[in-house]
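In: Model the structure of this input:
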Amino acid sequence: MSDNNVEKEAGPPQESSPVVDSQEPEKRKREYKDFGHEEEGPTREYMRFSQTAGSSSLLSLPDAKVDMEKIQLKAEDLYDKEKVDLETIVVDDVFKLLQTDENGLTTEEAQRRLEIFGPNRLEAEEQNPFLQFLSFMWNPLSWVMEAAALVAIALSNGEGRAPDWEDFVGIVLLLFINSAIGFYEERNAGNAVKALMDSLAPKAKVKRDGKWQEIESAELVPGDMISFKIGDIVPADSRLTEAINVSIDQAALTGESLPQSKKTGDQCFSGSTCKQGEAEGVVISTGPNTFFGRAASLVGQDDDTTGHLQKILAQIGSFCLVAIGIFVIAEIFVLYAGFRYRYRRGLDNILVLLIGGIPIAMPTVLSVTLAVGAQQLAKYKAIVTRITAIEELAAVTILCSDKTGTLTTNKLTIDRNTVRTYGPFSAEDVILLAAYASRTENQDAIDQCVVGALGDTARARAGIKLLDFKPFNPVDKRTEITYREEATGKLKRVTKGMTGIIIELCTRNKTEEIENRLEADVEEFAQRGLRALAVAYEEVDGDDPEGEGNGFELIGLLAIFDPPREDTKQTIDDAMALGVKVKMVTGDQLAIAKETGRRLGLGDHMYPAKVLKEGPSPDSKFRSLDDMILDADGFAGVFPEHKYEIVKRLQGLGHLCAMTGDGANDAPALSRANVGIAVEGATDAARGAADIVLTEPGLSTIVHAIRGSRIIFQRMRNYSIYACAVTIRIVVCFAILAFAFKFDFPPFMILIVALLNDGTIMTLSVDRVLPSSTPDSWDLAEIFAYAVAYGIYLTLSTIALVAIAIRTTWFFDAFGVTLTNGATSAAGNHNDPQLHMVVYLQVAIISQALIFITRSHSFFFMERPSFALMFAFGLAQLVSSIIAAYGDWGFTQIHSISGGWIGIVWVWNIVWFLPLDLVKFGMKATIIKYLRERHIKALAKETAEGVPIVRTQSRVASINESLYRNRVSFIRRAARKVGFGQKVSVRPEELQRFSSIQAARTGATLARHPSRTAQAA
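Out: Residues are numbered from 1 along each chain as shown. From the prediction side, this is the model:
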């Protein structure tokens, strides 16, 4: 609109009086089903109660389905609104249940109730830092290394030899490095409940002894009378006893995008914010029993689950332990029973297998890989609060996203493309006139979005002089402005508000055709989840702002909605291209969810939350609730327990789930999900429960995070194959050498090999790899198959070298090299110190070179490694060669070798290294191909049979995995078993609207603990 002053010709006045002649048929009363303005009255059951009981209390009604007098209620009965709906019980009955009145409680009674119900805060569980640190050494891999350390320092002290201090110090050093990194990672892990607790209002205005006073919110008890006003945080769940133009923002709790108008008798949740008006209410629930507290309890409930990476570590660890165990037992029988080894000699051989075979640095290497990956993700404005979540993000197959503030902006907007006009005014004219009828200061959400639609908010008052303004109130449900147009001097009046109210005011163009159009438009908006805002206009004769106008004329209908973020659609498309299915899970209403889904390309196969209780209808195409959840594009009207249940069910179907959110209502599902993602602007509660926190608006960072996590996953997979292969290579190789040649390799040199290997492999955390285009998963059968093949091949390379050095003089004949005292072979002394050094160098070089095979999918030279990996490899080989050339340590059985031997070992390793790629390709063409085909057939069979059923895990497997958790969870479980820390219990049948039970539970508690006053009465 070029001119701020709207000057249009009004429509013709009505020719006849609106009064209908008694002889004419009565005109149909239209009902404009405006979205989001439904008034919920008492339930049918309560209506029947009130009609039969008159003014009598609900508590004594004989025909109620639930005997409220005895308050003996089952949780499932209370949650069934067909039986009783405590939200719609009149406030007088709430007072009776809570044994209080509008004067509040006395100080003595409040203190008594504080002892019964506890403080109005959430309890945080403190961990002992020392125990937490020690817990990182509480897993089978660490146990074996700890046993090896004890063997080195205690059991090795015999036969006149000193304890093996060198091996002992090296093993302990490895253990402490691993524990220190894990401790640093997990030290901040228990912040979810603390963030929720800190979000509670610290102060509250309460009426005690008939007087208003301010107290700590932690001292509130059920039955207290509280007061709050605009800007205050509601300190406890309460029922309003007085409400003056109250609007409550509970988006962070329930996901509703609009602040909710509240009237007397409505419930307000703790942690929500008063956006308008002031109110008084009676507290019905405090602390962990509030809606907010239940969300915190669900976060804490997930403490005992084992992370996905811990499960993988458990299985890889078990593989290594089994391999080591088999050959350790074999050595015990062969060396002691067969060869009659002395105690210390056999023990040294067993130590070689324990130290070299256990991938003790595996948790450390993976932690460093994840930590470096977290730093890389930070460049994309994604802060990782639990680094093991990176590995799980790579395998995520379903992304469950909250709508309000996550997929959308959480800012109401006028949808210009859907503005409807009914008079001579254009869409821009309607928006400008609606802005005139809006506040420019102290705006509510509607006024803010209407004025914001102008672009320049100054236009809302430009060219007019404000004479009178009537703000929105719950009775009139509209705003109205009377103003003088400065250009013409005319008085004009504009009103905007609920459609049904505005059309009743109109007299100038209220024709049958206009009303039919309006009704159809409003219904269309409602079906699409758009809130309709009608605008009407009239001119006022004379100069009296209070004077009658020439009659309102309906000029337009505005559509208000919470728009998607600009990058959300592209982000969802990118996620789907990466093989990640996106589902919307929102607390908003179904129509809004479907409209948002259509705009984002998610689809509109969305269902209300009630299906999670009722399941699919009998005539539905779905055989089970799990089928429906898998097919759904989203769910609407959900509460925290529903989001938690959806994520839990999807995980039960074998999916790894990520959950995005921004409010406290998302915290339970964020905690339960494999990866919880808190978007920019999220509450402290959501950030505390999340694994990844985004610091930029929108979800585009998630795509970068998914790609980045898949790169990190590839690095970890490469290392896992390498670690398992080295385990096979060490235990098989040195066991066979001991059996075939009675070859006693020094344990300390194996420790040097392990230290140099781990130092080099740390650089895998920055290696160059390509991410996969589909969700990654740990196919351990493939990893173990590759490991066995590589390990056996490298074993052959070492055995062949030793066999030639012992059985022949070929190295002397061909190259002129000798061993100790000029020996041309090791036939006379299989444990020649120089032969030990030759074997050390050969094992050190080719074992590290194996990483170039495991990191590549094609020939090793086709995929360039990172500079850091190449530098570390070169440095490690230089150190190994220097040790071989100059190492002459008296405490271990080695001696330096000549440059000729060093050259021979290098050439030997190169010759054996080059065919390793052929081993890899041969495995792919045979065993790996078979494993993948078998996996595909298993998936096809499960698909044909319906939703796959997850196999129940054995108790032994579950305990084994829990040992890799690196937490003192067993202490917490023991505490719960004896009754400590049992603050809140959440049972499956309680997954319904939580607030319906609060007043009755509080009343039941008070009935069990009557006051002296009540007893005297």
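
In: Quick one: residues contacting the most centrally placed residue in the chain.
Out: Within the chain, the residue whose C-alpha comes closest to the C-alpha centroid is residue 676; the distance, by Cα atoms, centre = their mean, is 1.5 Å. Residue 676 makes contact with 389, 658, 659, 661, 669, 670, 689, 690, 691, 692 under the criterion Cβ atoms under 8 Å, 6 or more residues apart in numbering. Bear in mind the C-beta positions are built from the backbone N, C-alpha and C, glycine included.

In: Turn those into TSV, including pLDDT, secondary structure and distance to residue 1007.
Out: Converted to TSV, the contacts of residue 676 look like this (pLDDT from 0 to 100; DSSP: H, G, I helix; E, B strand; the rest coil; distance: Cβ to Cβ, whole Å):
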residue	pLDDT	secondary structure	distance to residue 1007
389	79	helix	46
658	90	strand	45
659	88	strand	40
661	76	strand	38
669	78	helix	35
670	84	helix	37
689	74	helix	36
690	82	coil	41
691	84	coil	44
692	84	strand	47
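
In: List buried members of those by neighbour count.
Out: Neighbour counting by 16 or more other Cβ atoms under 10 Å classes 389, 658, 659, 661, 669, 670, 689, 690, 691, 692 among the contacts of residue 676 as buried.

In: so what's the second one bridging to?
Out: Going by DSSP bridges, residue 658 is paired in beta bridges with residue 399, residue 675.

In: Repeat that for the last one.
Out: Residues found in beta-bridge contact with residue 692 (criterion: DSSP bridges) are residue 384, residue 677.

In: my guess is it meets residue 388, correct?
Out: No: using Cβ atoms under 8 Å as the test, residue 692 is too far from residue 388 to be in contact (11.5 Å).

In: Report pLDDT for the residue nearest to the centre of the chain.
Out: Model confidence at residue 676, given as pLDDT, is 89.

In: how far away is the nearest residue in space to it that is not next to it in sequence from residue 98?
Out: The spatially closest residue to residue 676, leaving aside those adjacent along the chain, is residue 670, at 3.2 Å (Cβ to Cβ, 6 or more residues apart in numbering). Distance check for residue 670 against residue 98: by Cβ to Cβ, to the nearest Å, it reads 33 Å.

In: What is the neighbour count of the closest residue to residue 659 other than its chain neighbours?
Out: What sits nearest to residue 659 in space, not counting adjacent residues and going by Cβ to Cβ, 6+ apart, is residue 673, at 3.8 Å. The criterion is other Cβ atoms under 10 Å. On that basis, residue 673 has 33 neighbouring residues.

In: Kindly report the same for residue 828.
Out: 12.

In: returning to that earlier point: is it true that the residue nearest to residue 676 touches residue 678?
Out: Yes: Residue 670 lies in contact with residue 678 (Cβ under 8 Å); the separation is 6.7 Å.

In: List the residues that are in contact with both of those two.
Out: When contacts are counted by Cβ under 8 Å, 6+ apart, residue 670 and residue 678 are jointly contacted by 661, 686, 689, 690.

In: Now do the SS call for residue 282.
Out: Following DSSP: H, G, I helix; E, B strand; the rest coil, the label given to residue 282 is strand.

In: from memory it sits against residue 237, does it?
Out: No: under the criterion of Cβ under 8 Å, residue 282 is not in contact with residue 237, lying 10.2 Å apart.

In: Those two: which is more packed in?
Out: For residue 282 against residue 237, the residue with the higher neighbour count under other Cβ under 10 Å is residue 237, and the figures read 29 against 25.

In: The more buried one and residue 167, how far apart?
Out: Distance, residue 237 to residue 167, by Cβ to Cβ: 62 Å.

In: who touches residue 529 in this structure?
Out: Applying Cβ under 8 Å, 6+ apart, the residues near residue 529 are 35, 561, 588, 589, 590, 591, 592, 593, 594, 595, 596.

In: Hmm, residue 638 and the fourth one touching each other?
Out: Spelled out, it's residue 589. No: if you go by Cβ under 8 Å, residue 589 and residue 638 don't touch, sitting 10.8 Å apart.

In: and the two? which has more neighbours close in?
Out: Counting neighbours by other Cβ under 10 Å for residue 589 and for residue 638 shows that residue 638 has the greater number, 27 against 18.

In: Next one, pLDDT for the residue lying closest to that one once chain neighbours are set aside please.
Out: Excluding the flanking residues, the one nearest residue 638 by Cβ to Cβ, 6+ apart is residue 609, at 4.3 Å. Reading off the confidence values, residue 609 has pLDDT 86.

In: try the one 4 residues further on
Out: Residue 613 carries a pLDDT value of 81.

In: cool, and residue 895?
Out: Reading off the per-residue confidence, residue 895 sits at a pLDDT of 91.

In: the helices in the stretch 251-400 of the chain, which residues?
Out: Listed in chain order, the helices of the stretch 251-400 of the chain (DSSP state H, counting those that start in this stretch) span residues 251-254, 291-301, 308-331, 343-357, 362-378, 389-394.

In: so how far is the last one off the chain centroid?
Out: Averaging C-alpha coordinates over helix 389-394 and over its chain gives two centres that are 11 Å apart (Cα atoms, centre = their mean, to the nearest Å).

In: hang on, the earlier thing: which single one of the contacts of residue 529 is nearest to residue 540?
Out: When those are compared for distance to residue 540 (Cβ to Cβ), residue 35 comes out closest, at 32.1 Å.

In: any idea which helix or strand comes after the helix or strand harbouring residue 748?
Out: Take DSSP states H and E as the rule and residue 748 turns out to sit in helix 747-761. Downstream of helix 747-761, the next assigned helix or strand under DSSP H and E is helix 780-807.

In: who does that following helix touch, helix- and strand-wise?
Out: The criterion is 3 or more Cβ pairs under 8 Å, 6 or more residues apart in numbering; DSSP states H and E, and the helices and strands that helix 780-807 contacts are helix 308-331, helix 700-741, helix 810-815, helix 833-849, helix 851-854, helix 899-913, helix 916-923, helix 929-945.

In: just for the stretch 201-350 of the chain, where's the confidence low?
Out: Across the stretch 201-350 of the chain, the ranges flagged by pLDDT under 70 are 201-202, 231, 251-258, 294-309.

In: again, only using 90
Out: Scanning the stretch 201-350 of the chain for pLDDT under 90 picks out 201-205, 210-219, 222-223, 228-239, 242-278, 284-318, 320-321, 336-348, 350.

In: for residue 904, what are its contacts?
Out: If you count contacts by Cβ under 8 Å, 6+ apart, residue 904 has them with 811, 815, 817.

In: The first one: what's it in contact with?
Out: Which is residue 811. Applying Cβ under 8 Å, 6+ apart, we find residue 811 in contact with 804, 805, 817, 825, 901, 904.

In: State the pLDDT value of the first one.
Out: Turning to residue 804, the model gives it a pLDDT of 95.
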